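[1] quick one: sequence plus predicted model below, questions after.
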Amino acid sequence: MLNVGAIEEGFVLDHIKAGKAMTIYKDLKLDKLDCCVAIIKNAKSNKMGKKDIIKVECTMNMMNLDILGFIDHNITVNIIADGEIVAKQPLKLPQQVMNVIFCKNPRCITSIESDLDQIFVLTDPEREIYRCYYCEEQYQGIQK
């Protein structure tokens, strides 16, 4: 049995789809933080069969919950203080994501104006569809 120690202050991302922890690690830019990060892949889960878990020993204000909600709004965010879970932060699909995904439409203004922010807007929450703010091209890349 693998034993990863408890953290005193920070947060735990739980119920991550198995195999997605490294993608989340990169997207949240956890490699840029100067703190302890533990990634557990393919942990046993009664609810999911297998899951990934990420433990981060730093404050929550260093993490963009919009990016996490966009990646998978079913992830559980447990906030840890004094070694105990003090809150669970709910995630939701963000209404807008900026500079997380990129428009693939060659006629979009963002393909010409490289300094423009890449903005995508949630247009269909039930089907989780995002469209480019500028050209309305549908984002095709969410792999859930």
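    Cool, got the structure. If you're wondering where the values come from, they're calculated on a predicted model, not measured in any experiment.
[2] CA atoms only for the lowest-mean-pLDDT helix or strand in the chain, dumped as PDB, please.
    In the chain, the helix or strand scored least confidently by mean pLDDT, DSSP states H and E is helix 65-71, which has a mean of 84. Output of helix 65-71 as PDB, limited to C-alpha atoms (Å, rounded to 0.1, in the frame of the first residue of the first chain):
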ATOM      1  CA  LEU A  65     -10.300  27.500 -10.400                       C
ATOM      2  CA  ASP A  66     -11.700  28.600 -13.800                       C
ATOM      3  CA  ILE A  67      -9.100  26.400 -15.600                       C
ATOM      4  CA  LEU A  68      -9.800  23.500 -13.300                       C
ATOM      5  CA  GLY A  69     -13.600  23.900 -13.800                       C
ATOM      6  CA  PHE A  70     -13.100  24.000 -17.500                       C
ATOM      7  CA  ILE A  71     -10.900  20.800 -17.500                       C
END
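[3] which SS class is the nearest residue to Leu65 once chain neighbours are set aside?
    Distances taken as CB to CB, 6 or more residues apart in numbering put Leu91 closest to Leu65, at 6.4 Å, once the chain neighbours are dropped. In short, each C-beta sits where N, CA and C put it, glycine included. Under DSSP: H, G, I helix; E, B strand; the rest coil, the three-state class of Leu91 is coil.
[4] wait, Leu91 touches Ile71, no?
    No. Counting by CB atoms under 8 Å, Ile71 is not a contact partner of Leu91; they are 9.2 Å apart.
[5] so which of the two has more stuff around it?
    When neighbours are counted by other CB atoms under 10 Å, Leu91 and Ile71 differ, and Ile71 comes out ahead with 22 against 19.
[6] ok, now which ones touch that one?
    Shown in contact with Ile71 (CB atoms under 8 Å, 6 or more residues apart in numbering): Lys20, Thr23, Ile24, Asp27.
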